[in-house]
Each structure stands twice: as C-alpha cells, then as structure tokens.
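Trainee: Provided below are the primary sequence and the corresponding predicted coordinates.
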Amino acid sequence: MVTDITLQHAVRAALDELVAGGGEVGLQAAVMKDGVLVADAQSGVTDPAIGKPVCAGSLFFAGSTAKGVLSSLVHALVAAGRLDYDLRLSEVWPEFAANGKGDVTVRHVLMHQAGVPGLPYDLTAEQFCDWQHMCEILATAMPWWPAGTAFGYHAQTFGFLLGETLQRATGARLADLLQGVLSGPLGVADELHFAVPASLLDRVALQVAPLGPPPPRPAPGSPLARAMPPAATPNAAFANRRDVLSAQIPSMGTMSARAATRLYAALLGHVPGVRLLSDEQLAAVATVVYSGPDRVMEMDNVSWSLGYSPSRPTRAASRPGSTFGMVGTNGSAAYADIDTGVAIALMRNRFSPDFTAITRLDALVAETYPRPRPEQRSAP
C-alpha cells in the first residue's frame, strides 16, 4: 500500500495525461522513500490489440536499464566477499586473454573501459541469443584500446563480459545469482529478469513501435554501428521476440517498476532485512570516476560512476556522487538518490528514446522530496 496519497494521485494523473496524449501506450511507475513505497501507479495497456490494462505486476522490456541491475549484482557480490573489482577476467576465463586482453578487470568492464565494445556486423539474432557463441566471440576479439586507457559505451558486450566472469568466478548460473543475491531476498523473483522464464512470457507488455518514421541507423562503419550491429540493435520487433526475451542477454532485461525500485531502495540500505552494501561502498559506487569523451557514442563529455549513470533527468534535483542508476534505449529508467533517500523506476512500452515520462515522474518526486541543503546533509 502506498503511503503518500498526494504523490500517488499526482503520478497517476501524469501517467494518464501522457497516455491520453497518444505518445504513450502503457506506463508503470514506482517510487520509494526511505524504503517505504510512496507511489505505485500504472496507466494504459500492455497490448493495444487486446486492451489489457497495465498492472503493478506487468513485466516490461527495459533495455539497458538492466545494466544497472547487473552492476548492482556485481557490487553485492563484492560486498559479500565473492568477487573483487580488480579480478582480471582472464584469471577465471583464460580464453579471454587472447589478443592482449589479459589485463581487463571487472572494474574496467563496469567503467566501459575494457576496450571490447564491438561485435561482428553480420551477427544474427539467433547468434545473439546463444550465450556460448557470444562468449567465444568476445574471448577471441581484438581490443579497440588497451584496458583502462579510454572510455566507450559497451552497449551489448557489457552483459556478456560481466555475466560470464560472474559465472566462472562463483560457479553459479547468472540467473541463480540474480535470484539468490538480489531478486529472491527482495521478494521480486518473478519481476526482475535477464532471461524471462517461459511461464512468465505472457506477462510481458508488448513493445509498440514509435510514431512516425523509425530512427536512423548508425552510420555504416561508425563506432556505434560496430558496437551495435543490426541484429543487436533493439527496437520494438526485437524486444517482442520470445527467443530474445527468454535468452540470457544481461546488457538488457525485463522487469517491473516496483521490482527495480525495490532493488535501488535496497542498495540505499532502506529495505529491512536486506543489506547489500556498506555505507562506504554505497558512497564509492555513486562517485563519479570518469568524465570525458565516449569513443563509441562519439560524445565529447560523458560522466560515469562504477557501473551506473550518475545523474537524474531533472539534474537540479541531485548532486554528483548522490544519484546512480541507468536508463534504457526505450525510455525506461531506474535509479536512486542518496541525499533524498528516494528510489525511482519507470517502465513503458512505446519503444522510443523518449524520456518525457521519466522526466515528469522525476520532477514530481523532486518537488515532493527536495534535495537537502548542504548543512542538512552534513548535520549529525
């Protein structure tokens, strides 16, 4: 049950307005404040053809929002003493050392500095769903730069690099690690997935193509085109494929807003009975540790913390070192803010890089729970 009726009504009204305007099909939002659910609202439908309404338990393809889930799993395993940030991938994955990649560490991957963002341009969707095939590609890949010397968004390789390393380092399947360390203890095992079980596929909302012409493909031969070949570039049709949804592709995933919000609330230390990180580790994972050019996205200035994007949509609502989370290419998002104690997530099934909905949600939350003044943060 939500506890902030005013915010709940405001969020629901905003979602309804966005759906009524025609830009959105289905929306799902959840907000926790200091571990308490203060808003949990839905609007629209999961499938326009049948008119099934979105509910709190509906599952949504969330794109790269799942990278934040995978990073959180890494941090929780480090906190539990089962993994080390400076573990070289080749220590547990010897084949990966080929072509001079022996010095790549878990930290390098979290920081998108591993130098292995590329995939074969002729990769097929079936190959992309084949875990062993993808790991073999990455093991034999030529690095684009020596580990740690440059930054470039590892759009699709991020999940395979970390996922295979976690499996080899722990001896457990990635799905079992996710459930045993995060989703199980948090009570959201049915709503947080890198690979959706067959029994839950019918709960996944249908992604709907954007209005108007499709966005242009990256220029052939560009770094982004080499990092995201056609078969590995998400769009609505790709996100609706049952083989994609059920495959282990942890650079993307499927979840509900309330599950993602509960995960970030737990990272803040606000979920009773679940302690994932120490205060020191929490501060460390939210700290901005890179600012500069992105060689894959060809952007002049990006910022990154240890596995997360370090800003909220309404940037005035946060400070560097307080916010951490991730957004998806289809406009989904999930993140937490240390200063205000809020955790926020939004899922949508209009597949487009439109962040209007999450920006509206974040503005409502920032107005309701404003960032404390510096003297308030430092007060005992």
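Mentor: Structure's in. What do you need? Numbering: from 1, shown residues only.
Trainee: so who does Pro185 touch?
Mentor: Gly273, Val274 (Cβ atoms under 8 Å, 6 or more residues apart in numbering). Bear in mind the C-beta positions are built from the backbone N, C-alpha and C, glycine included.
Trainee: quick one, phi psi at it?
Mentor: phi -60, psi -30 (degrees, to the nearest 10).
Trainee: next one: it relative to Leu263, how far apart?
Mentor: 10 Å (Cβ to Cβ, to the nearest Å).
Trainee: what do you get for Phe160?
Mentor: To Leu263, Phe160 is 21 Å away according to Cβ to Cβ.
Trainee: likewise Pro197?
Mentor: From Pro197 across to Leu263, the span is 18 Å (Cβ to Cβ).
Trainee: have a look at these two and say which one is more surrounded.
Mentor: Leu263 (27 against 12; other Cβ atoms under 10 Å).
Trainee: counting contacts, what elements does the helix or strand hosting that one pack onto?
Mentor: Secondary structure from DSSP states H and E places Leu263 in helix 257-267. For helix 257-267, the elements it packs on are strand 26-33, strand 36-47, helix 65-79, strand 192-193, strand 333-337, strand 342-348, judged by 3 or more Cβ pairs under 8 Å, 6 or more residues apart in numbering; DSSP states H and E.
Trainee: 7 Å instead?
Mentor: The contact analysis (3 or more Cβ pairs under 7 Å, 6 or more residues apart in numbering; DSSP states H and E) places helix 257-267 against strand 26-33, helix 65-79, strand 333-337, strand 342-348.
Trainee: as CSV, these with mean pLDDT and distance to Ser222 would be great.
Mentor: Compiled in CSV, the helices and strands packed on helix 257-267 are given as follows (pLDDT from 0 to 100; distance: least, Cβ to Cβ, whole Å):
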stretch, mean pLDDT, distance to Ser222
strand 26-33, 98, 33
helix 65-79, 98, 21
strand 333-337, 97, 26
strand 342-348, 98, 27
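Trainee: most tightly packed of those?
Mentor: Most buried of the helices and strands packed on helix 257-267 by mean neighbour count (mean count of other Cβ atoms under 10 Å) is strand 342-348; its value is a mean of 32.
Trainee: quick one: list the elements packing against that one.
Mentor: Strand 342-348 packs on strand 26-33, helix 257-267, strand 333-337, helix 356-368, going by 3+ Cβ pairs under 7 Å, 6+ apart.
Trainee: who wins for proximity to Val204 among those?
Mentor: Of all those, it is strand 26-33 that lies closest to Val204, at 11.3 Å by Cβ to Cβ.
Trainee: off-centre distance for that closest one?
Mentor: Here the centre of strand 26-33 is set off from its chain's centre by 15 Å, with Cα atoms, centre = their mean, to the nearest Å.
Trainee: C-alpha coordinates for it, PDB please?
Mentor: The C-alpha trace of strand 26-33 is given here as PDB (Å, rounded to 0.1, in the frame of the first residue of the first chain):
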ATOM      1  CA  GLY A  26       1.400   1.800 -21.300                       C
ATOM      2  CA  LEU A  27       3.200   3.200 -18.300                       C
ATOM      3  CA  GLN A  28       4.200   1.900 -14.900                       C
ATOM      4  CA  ALA A  29       5.900   3.900 -12.200                       C
ATOM      5  CA  ALA A  30       7.100   3.200  -8.600                       C
ATOM      6  CA  VAL A  31       8.700   5.400  -6.000                       C
ATOM      7  CA  MET A  32      10.100   4.500  -2.600                       C
ATOM      8  CA  LYS A  33      11.200   7.000   0.000                       C
END
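Trainee: who touches that strand?
Mentor: Residues outside strand 26-33 that contact it (Cβ atoms under 7 Å, 6 or more residues apart in numbering) are 7, 11, 15, 18-19, 37-46, 54, 58, 60, 205, 256-258, 261-262, 265, 341-349, 357, 361, 365, 369.
Trainee: what residues are up against Pro293?
Mentor: Pro293 neighbours (Cβ under 7 Å, 6+ apart): Phe151, Met299, Asp300, Asn301.
Trainee: any idea which of those has the most stuff around it?
Mentor: Top of those by neighbour count (other Cβ under 10 Å): Phe151, with 22 neighbours.
Trainee: could you dump the helices and strands packed on helix 257-267 to JSON lines with distance to Pro272?
Mentor: As requested, the helices and strands packed on helix 257-267 are exported to JSON lines (distance: least, Cβ to Cβ, whole Å):
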{"stretch": "strand 26-33", "distance to Pro272": "12"}
{"stretch": "helix 65-79", "distance to Pro272": "17"}
{"stretch": "strand 333-337", "distance to Pro272": "17"}
{"stretch": "strand 342-348", "distance to Pro272": "14"}
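Trainee: ok, Pro320 - contacts?
Mentor: Contact partners of Pro320, counting by Cβ under 7 Å, 6+ apart, are Val288, Pro310.
Trainee: apply 10 Å and report the result again.
Mentor: Pro320 sits next to Ala286, Thr287, Val288, Ser291, Ser303, Ser305, Pro310, Ser311 when contact means Cβ atoms under 10 Å, 6 or more residues apart in numbering.
Trainee: from Tyr308, how far out is the second one?
Mentor: Remark: distance between Thr287 and Tyr308 (Cβ to Cβ) = 10 Å.
Trainee: so for stretch 87-94, mean pLDDT?
Mentor: Averaged across stretch 87-94, the pLDDT comes to 98.
Trainee: end-to-end on that stretch?
Mentor: End-to-end distance for stretch 87-94: 12 Å, by Cα to Cα, to the nearest Å.
Trainee: mind checking the SS state of Gly163?
Mentor: Secondary structure, DSSP: H, G, I helix; E, B strand; the rest coil: Gly163 is helix.
Trainee: is it correct that Leu245 falls within a helix?
Mentor: Yes - applying three-state DSSP, one finds Leu245 inside a helix.
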